[in-house]
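**Student:** Sequence and predicted structure are below.
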Protein chains: 2
Amino acid sequence: MFRITPVKNGLCSIDGIYADGVNGGFKKEGFDVGFIRSEKEMDVVYLFTTNKFQAAPIKYVLRENIKKTNFVLANSKNANALTGEEGINDIKEILNYLSQKTNVVNPIMSSTGVIGVRIDKEKIKNAIDKFDFNAKNSENFAKAIMTTDSFHKEIAFEVEGKFGKFKIAGVAKGAGMINPAMATMLCFIVTDANIPENEMREILKEVNENTFNAISVDGDTSTNDSVFLMTTRDGGYEKEAFKQALNHVMLKLATDIVRDGEGANKLVAFEVKGAKNRNEAKIAAKALTNSLLVKTAIFGEDPNWGRIASTIGASGVECDENALSIKIGDVLVYERGKIYFDKVTEEKAHNVMKKDSFKIEVDLGMGDGEFRAFGCDLSYDYVKINAEYRT
Amino acid sequence: MFRITPVKNGLCSIDGIYADGVNGGFKKEGFDVGFIRSEKEMDVVYLFTTNKFQAAPIKYVLRENIKKTNFVLANSKNANALTGEEGINDIKEILNYLSQKTNVVNPIMSSTGVIGVRIDKEKIKNAIDKFDFNAKNSENFAKAIMTTDSFHKEIAFEVEGKFGKFKIAGVAKGAGMINPAMATMLCFIVTDANIPENEMREILKEVNENTFNAISVDGDTSTNDSVFLMTTRDGGYEKEAFKQALNHVMLKLATDIVRDGEGANKLVAFEVKGAKNRNEAKIAAKALTNSLLVKTAIFGEDPNWGRIASTIGASGVECDENALSIKIGDVLVYERGKIYFDKVTEEKAHNVMKKDSFKIEVDLGMGDGEFRAFGCDLSYDYVKINAEYRT
């Protein structure tokens, strides 16, 4: 038995954790460079993108094999990706500058923004000069990593049980190039839970699979996808409680990312069951999140279930039209070869789709495999944002 | 040596071939039901969608194992897909009605439009009543199969050589749900070439691979994709001449489909070379045609090459940023780890992208695999057309 309660102040709700954001000149106004600092060294584990062109910040962390850290430096507007050895040297120079300003142990740098442009080191150094290392402004950090996000994404919980107490907090950014095959673009989770070292990565991977790896805004997997889990180990720990709390944090941040997907107006849970196995359920669910025709039908609030069926059929999973069933919300529109789509049913399904958030259930009728993926609509604004991204 | 010359009148340029389109009441105005009729029985081969939910017209042709035919009946606005046995019975009833009006041998029905709605048999019968079976209006047939297409797609050639003469003509429709994993939604090719029976299918498959199987508008593979190749055998034949002529027909129709993709303004050839093998080149090229971020950058005429690189990295093919090179048109923007993207280069690349049609070349530097895929931009109009498709 344990209790999970939301708390304020995001990452800074945890003792000994400081964070802030400043304007380094990347954005015309607003925060664009930020930090997370811990009084004591934290254990850190991470999951990175499966994109073959991993960005320089990711390569740096992997090369240095960082397992303990007390500092994360993050920026938006430049991804430092496809920048080769020079990109890594830029990070070294920046972190060296940082080390002259405050006590850092294995600092981590994390970047998001345009791919294929060298990072402006002077702007980052300029930002470092502005840092108040004792600030407790988690929200400003969350804002500093935003690109096309329309709101900052932050959540924190306190968990209490027989084992004592711990806190867990997370910050993420999303918006575009979201089809994480690992984690999504920049997520930082800090806790004081006393997690056994050998369990940290395993739990992060497990929870990630149903949260960040289950979302898509546009089917594009970025070069910078990263999720970091860091702990000060000052608090209590119980495995099940921690897993649930971490799931709360990651699911909230992941669905916030979809809800705030570029141009997105609707959050849709695609619940696929009855697949041959879990992997096939995942393939089908992800195909639905990525079908432009399904996404535009959702934008149009049109219960065009034929597109849902067609996407399943094209996804390559084992299926049969006489075993397939489809529900929009709770409205059954197709069941094992029978079409339920008279005017009344269509109107009911249309009403479900008018909501900001709803589910689409697909039963393949082939086995026990289940997977839930989260997707959104495709609107004019997605096109606008991405046609004008660099201007 | 042979000569390929364009000729007029599409399918009806071939002796003994009749075609027309009428309004059966599916569309408010314009043609929506059409036919192709041959005086003599034609040999026919076909390639159908890999979507697991093949539409009723496809199932019917496969069940009846049709190898010779003298009649094709086609309609738009309803795909007769996901309609089960009833969908097939509807076809039988319609073709039975047709057989009372004219002499038909193994007639083929072919449909395109909304998925998951029973076809209105009375409208089709009504159209059949209006048919003039001796009409030679190929263009009207091409118009009758249009859905969201903005122009009809038709082409015909005469081929002359030592072997004598033959004609070849094709008609297709496209616009949306275009990522053919076989052929595209409805293409009919008629010839009088005296092709050996055992070569027909092999040649069609081979040419299809670099034409219809190389295009994408939106990454969605339809339930109705079909390409039919039919011959009266009245003319001459030479294998190489026929393959080249068929390639002309299919490449023209395939690129017309992309050019006329829903909301599309630009036709882009993605030429991938240096892949580990041909299959990897195809995966990378198709990934580029389907990346929303690449497509919106094309719409915005933004030479954001980082998105091209990121898509390659996420596609799963073997690649390395120090081996990769990217050209937009003839403008080199990235070469084996070096970024060439100063203001002058950017302006040049932007000028290439202002054109209606251009190429993007990617050299993976890993091997000899090559593939060229055709894609288009993603515009506001794609979203509009598909959000409002059924209204």
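**Tutor:** Cool, got the structure. From a predicted model like this one, the values you see are computed outputs, not experimental measurements.
**Student:** Provide the secondary structure category for A:Phe242.
**Tutor:** Here A:Phe242 is helix, with the state taken from DSSP: H, G, I helix; E, B strand; the rest coil.
**Student:** Without its sequence neighbours, what residue ends up closest to it?
**Tutor:** A:Ala193 (5.2 Å; CB to CB, 6 or more residues apart in numbering or on different chains). (Glycine included, C-beta is placed from N, CA and C.)
**Student:** ditto for A:Met1
**Tutor:** Closest residue in space to A:Met1, ignoring its immediate chain neighbours: A:Gly161 at 6.2 Å, by CB to CB, 6+ apart.
**Student:** Pull the number of nearby residues for the one you found.
**Tutor:** When neighbours are counted by other CB atoms under 10 Å in any protein chain shown, A:Gly161 registers 16.
**Student:** so it touches A:Lys239, yeah?
**Tutor:** No. Taking contacts as CB atoms under 8 Å, A:Gly161 lies outside contact range of A:Lys239: 11.1 Å.
**Student:** Could you pull out the residues contacting both of these two?
**Tutor:** By CB atoms under 8 Å, 6 or more residues apart in numbering or on different chains, A:Gly161 and A:Lys239 have no common neighbours.
**Student:** and A:Lys8, what does it touch?
**Tutor:** Contacts of A:Lys8 (CB under 8 Å, 6+ apart): A:Ala156.
**Student:** separation between it and A:Phe141?
**Tutor:** 15 Å (CB to CB, to the nearest Å).
**Student:** Ok, A:Tyr382 next?
**Tutor:** As judged by CB to CB, A:Tyr382 and A:Phe141 stand 27 Å apart.
**Student:** Check A:Thr289 too.
**Tutor:** 29 Å.
**Student:** Between the two, which has more neighbouring residues?
**Tutor:** For A:Thr289 and A:Phe141, the more surrounded residue by other CB under 10 Å is A:Phe141, and the numbers stand at 28 against 25.
**Student:** Secondary structure element holding that one?
**Tutor:** Using DSSP states H and E, A:Phe141 falls within helix A:138-144.
**Student:** how far out from the middle of the chain is that helix?
**Tutor:** Its chain's C-alpha centre and that of helix A:138-144 lie 16 Å apart, by CA atoms, centre = their mean, to the nearest Å.
**Student:** now swap in stretch A:197-213 and tell me
**Tutor:** Here the centre of stretch A:197-213 is set off from its chain's centre by 13 Å, with CA atoms, centre = their mean.
**Student:** That stretch near chain B at all?
**Tutor:** No. Using CB under 8 Å from any CB of the partner chain, stretch A:197-213 stays clear of chain B, coming no nearer than 13.9 Å.
**Student:** Now do that stretch, average pLDDT.
**Tutor:** When pLDDT is averaged over stretch A:197-213, the result is 83.
**Student:** Enumerate the positions of that stretch that are buried.
**Tutor:** Neighbour-count burial for stretch A:197-213 flags A:Met200, A:Ile203, A:Leu204, A:Val207, A:Asn208, A:Asn210, A:Thr211, A:Phe212, A:Asn213 (criterion: 16 or more other CB atoms under 10 Å in any protein chain shown).
**Student:** again with stretch A:117-137
**Tutor:** A:Val117, A:Ile119, A:Asp120, A:Lys123, A:Ile124, A:Lys125, A:Ala127, A:Ile128, A:Phe131, A:Ala135, A:Lys136, A:Asn137.
**Student:** In this structure the third one contacts A:Phe26, no?
**Tutor:** Yes. A contact is recorded between A:Asp120 and A:Phe26 when judged using CB under 8 Å, the distance being 7.3 Å.
**Student:** Name the residues contacting each of these two.
**Tutor:** Joint contacts of A:Asp120 and A:Phe26 (CB under 8 Å, 6+ apart) are A:Asn78.
**Student:** and the stretch 201-350 of chain A, which of its residues are near chain B?
**Tutor:** Counting by CB under 8 Å from any CB, the residues of the stretch 201-350 of chain A that sit close to chain B are A:218-223, A:290-293, A:296-297, A:299-300, A:302, A:304-307, A:309-314, A:317, A:319-322, A:334, A:337-339, A:341.
**Student:** So which elements touch the host helix or strand of A:His248?
**Tutor:** Assigning secondary structure by DSSP H and E places A:His248 in helix A:239-259. Helices and strands touching helix A:239-259, by 3 or more CB pairs under 8 Å, 6 or more residues apart in numbering or on different chains; DSSP states H and E, are strand A:2-6, strand A:153-161, strand A:164-172, strand A:187-191, helix A:197-210, strand A:267-275, strand A:369-376.
**Student:** Pick the most buried one from those.
**Tutor:** Most buried of these, by mean neighbour count (mean count of other CB atoms under 10 Å in any protein chain shown): strand A:187-191, with a mean of 29.
**Student:** Give me the helices and strands touching that strand, please.
**Tutor:** strand A:33-48, strand A:164-172, strand A:226-231, helix A:239-259.
**Student:** now it: mean pLDDT?
**Tutor:** 83.
**Student:** Adjacent strands (with direction) for it?
**Tutor:** Counting by DSSP bridges, the strands paired with strand A:187-191 are strand A:164-172 (antiparallel), strand A:226-231 (parallel).
**Student:** which non-adjacent residue is nearest A:Pro303?
**Tutor:** Distances taken as CB to CB, 6+ apart place A:Ala349 nearest to A:Pro303, at 3.5 Å, with adjacent residues excluded.
**Student:** For that neighbour, which residues are in contact?
**Tutor:** By CB under 8 Å, 6+ apart, A:Ala349 lies in contact with A:Pro303, A:Trp305, A:Ile328, A:Gly329, A:Val331, A:Val333.
**Student:** Show the pLDDT at the second one.
**Tutor:** When you say that, I think you mean A:Trp305. According to the model, A:Trp305 carries a pLDDT of 88.
**Student:** Give the helix, strand or coil label for the nearest residue to it once chain neighbours are set aside.
**Tutor:** Nearest non-adjacent residue to A:Trp305, counting by CB to CB, 6+ apart: A:Val333, 4.5 Å away. Of the three states, A:Val333 takes strand according to three-state DSSP.
**Student:** and which of the buried residues of stretch A:197-213 is nearest chain B?
**Tutor:** Closest approach to chain B among the buried residues of stretch A:197-213 (CB to the nearest CB): A:Asn213, at 13.9 Å.
**Student:** doesn't the closest one fall inside a helix?
**Tutor:** Yes. Checked against three-state DSSP, A:Asn213 lies within a helix.
**Student:** Can you list the low-confidence ranges for chain A?
**Tutor:** Low-confidence segments of chain A, defined by pLDDT under 70: A:175-185, A:216-222, A:389-391.
**Student:** quick one, domains of it?
**Tutor:** Residue ranges for the domains of chain A, per automatic domain parsing: A:2-259, A:267-387.
**Student:** Next one: the residue lying closest to A:Val352 once chain neighbours are set aside relative to B:Pro303, how far apart?
**Tutor:** Nearest residue to A:Val352, sequence neighbours excluded (CB to CB, 6+ apart): A:Gly329, at 3.3 Å. Distance from A:Gly329 to B:Pro303, counting by CB to CB: 43 Å.
**Student:** Thanks again, I'm all set now.
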